[in-house]
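Peer 1: Give me the fold of what follows.
(one chain, ligands or ions: 2)
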Amino acid sequence: MAIGLFVHPDDPRDWVGELHAVLPKEEIRRWPDLGDRADIEIALVGKPEPGALQGLSRLRLIHCLWAGVDQLFQDPTFPRNLPLVRMIDPGLAASMAESALAHVLAAHRRLHDYRRQQDAGTWKALPQPRADERSVGILGLGELGRATASLLRPFGFRLAGWSRTAKQLDGIACFAGRDQLHPFLQRSEIAVNLLPLTPETRNLFDAGVFAALPAGGVFINLARGGHVVEADLLAALDAGHLGQAVLDVFQTEPLPQGNPLWRHPRVTVTPHVAAFTDARTAIPEVAHNIARFRAGESPRGLVDLEAGY
Ligand code: NDP
Ligand code: OXD
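Peer 2: Ligands and ions are numbered 1, 2, ... in the order given. Below is the predicted model of the structure:
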């Protein structure tokens, strides 16, 4: 039996080298050179080509190398009858927390406002709240939301978080469920999205959600473009209610050239780079999960296919 690696041929990470280092006895076959497809027992996938997992008659486990799994469900042939594990990678979590910190500090210190002042040749000091006067809300208190909260906490921000199930976390005002979404938004001057894309969270950020954020609020989306109704986001920015949007992810990626978000003065665009799985820290986690699976134990990061994350 063999492990099939379904990553893009241009992916520069040394997946095979890292896999051989921790699983020296395993046979690794990299798509599309799979040999006899019936040999593949475990599939390691990023965003495989549609249909790439078809005909793997003895496949028993799918381990995603991305934190999010929504991209897999876009393929109608994706096998939904097998255990699916998502990536919990300390390297990715650290990288996401770093990106979130950079964007939160830029918003807090009003760097977007000063950029616009610079463009207009304006020399003017703006009011600057202290960190402990600034409310930051994190949507999603999973691996990445909690890592982000931990990195932000020492700065003294007034932190809040929103999740599906109720939580108690040190130093974070916790809100849960749809009933508590608006009270959470109303106190989030800087809102950081770290939710998974599921049927419940698709298009969550619509006109009502943007209106619930405080006037002048900043929306930072580091999760998925499918969370956002782009027309409603543009309307909230154009109306002057939303102060800035920092967007790493989009409904369509790459962001089409004609999309108005590219040139909007209150939008910052990055090309889906907030965090990448780091093969060096991720592959040992994958190896542990394979060992757990083979021992009949539950792998870490098992996806609830009903909930979609
Ligand atoms: P987790 O599964 O660990 O955490 C998800 C969090 O979202 C949980 O707290 C969960 O609540 C909450 N949640 C899920 N559904 C809802 C809902 N309907 N209402 C309220 N809260 C909800 O995911 P990760 O933290 O590992 O990753 C989050 C996402 O980040 C990924 O799915 C991916 O889309 C994105 N991502 C983006 C990257 C980029 O480069 N831009 C890189 C990596 C990931 P509960 O705790 O109650 O279950
Ligand atoms: C992920 C991503 O989900 O890179 O890991 O977006």
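Peer 1: how about the residues of the protein near ligand 2?
Peer 2: Contact residues, the chain versus ligand 2 (CB under 6 Å from any ligand atom): Trp66, Ala67, Gly68, Phe276, Thr277. Every residue, glycine included, has its C-beta placed from N, CA and C.
Peer 1: 8 Å - rerun?
Peer 2: The chain has residues 65-69, 71, 87, 92, 224, 249, 272, 274-277 near ligand 2, with proximity defined as CB under 8 Å from any ligand atom.
Peer 1: Which parts of the chain are helices?
Peer 2: Taking DSSP state H, the helices of the chain run over residues 15-22, 70-73, 90-108, 111-119, 143-152, 181-186, 207-212, 230-238, 279-294.
Peer 1: Need those in JSON lines (columns: distance to Arg164).
Peer 2: Listed next are the helices of the chain as JSON lines, based on distance: least, CB to CB, whole Å:
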{"stretch": "helix 15-22", "distance to Arg164": "32"}
{"stretch": "helix 70-73", "distance to Arg164": "15"}
{"stretch": "helix 90-108", "distance to Arg164": "19"}
{"stretch": "helix 111-119", "distance to Arg164": "31"}
{"stretch": "helix 143-152", "distance to Arg164": "12"}
{"stretch": "helix 181-186", "distance to Arg164": "11"}
{"stretch": "helix 207-212", "distance to Arg164": "16"}
{"stretch": "helix 230-238", "distance to Arg164": "22"}
{"stretch": "helix 279-294", "distance to Arg164": "23"}
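Peer 1: Now that we have those, can you turn them into TSV and tack on mean neighbour count, distance to Leu61 and mean pLDDT?
Peer 2: Formatted as TSV, these follow (neighbours: other CB atoms under 10 Å; distance: least, CB to CB, whole Å; pLDDT from 0 to 100):
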stretch	mean neighbour count	distance to Leu61	mean pLDDT
helix 15-22	16	15	95
helix 70-73	18	14	98
helix 90-108	20	20	98
helix 111-119	14	44	98
helix 143-152	22	20	98
helix 181-186	17	35	98
helix 207-212	18	37	98
helix 230-238	18	36	98
helix 279-294	19	5	96
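Peer 1: Turn these into CSV, columns for distance to ligand 1.
Peer 2: Below are the helices of the chain laid out as CSV (distance: least, CB to the nearest ligand atom, whole Å):
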stretch, distance to ligand 1
helix 15-22, 17
helix 70-73, 6
helix 90-108, 6
helix 111-119, 19
helix 143-152, 3
helix 181-186, 8
helix 207-212, 12
helix 230-238, 16
helix 279-294, 11
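Peer 1: rewinding a little: closest to Gln128 out of the residues of the chain next to ligand 2?
Peer 2: Ala274 (25.9 Å; CB to CB).
Peer 1: Near that closest one, how many other residues are there?
Peer 2: Look at Ala274: counted by other CB atoms under 10 Å, it has 24 neighbours.
Peer 1: wait, isn't it in contact with Leu101?
Peer 2: No. With contacts counted by CB atoms under 8 Å, Ala274 stays clear of Leu101, the gap being 11.2 Å.
Peer 1: Now do the shared contacts for the two.
Peer 2: Among the neighbours of Ala274, none is also in contact with Leu101 (CB atoms under 8 Å, 6 or more residues apart in numbering).
Peer 1: For the residue of the chain found nearest ligand 1, give its distance to Met96.
Peer 2: Going by CB to the nearest ligand atom, ligand 1 is nearest to Gly142 of the chain, at 1.7 Å. Distance of Gly142 to Met96, computed by CB to CB, to the nearest Å: 11 Å.
Peer 1: what do those two both touch?
Peer 2: Leu194.
Peer 1: Can you get me a residue count around the nearest residue to Leu234 once chain neighbours are set aside?
Peer 2: Leaving aside its sequence neighbours, Leu234 sits nearest to Pro260 (CB to CB, 6 or more residues apart in numbering; 6.2 Å). Using other CB under 10 Å, Pro260 has 12 neighbouring residues.
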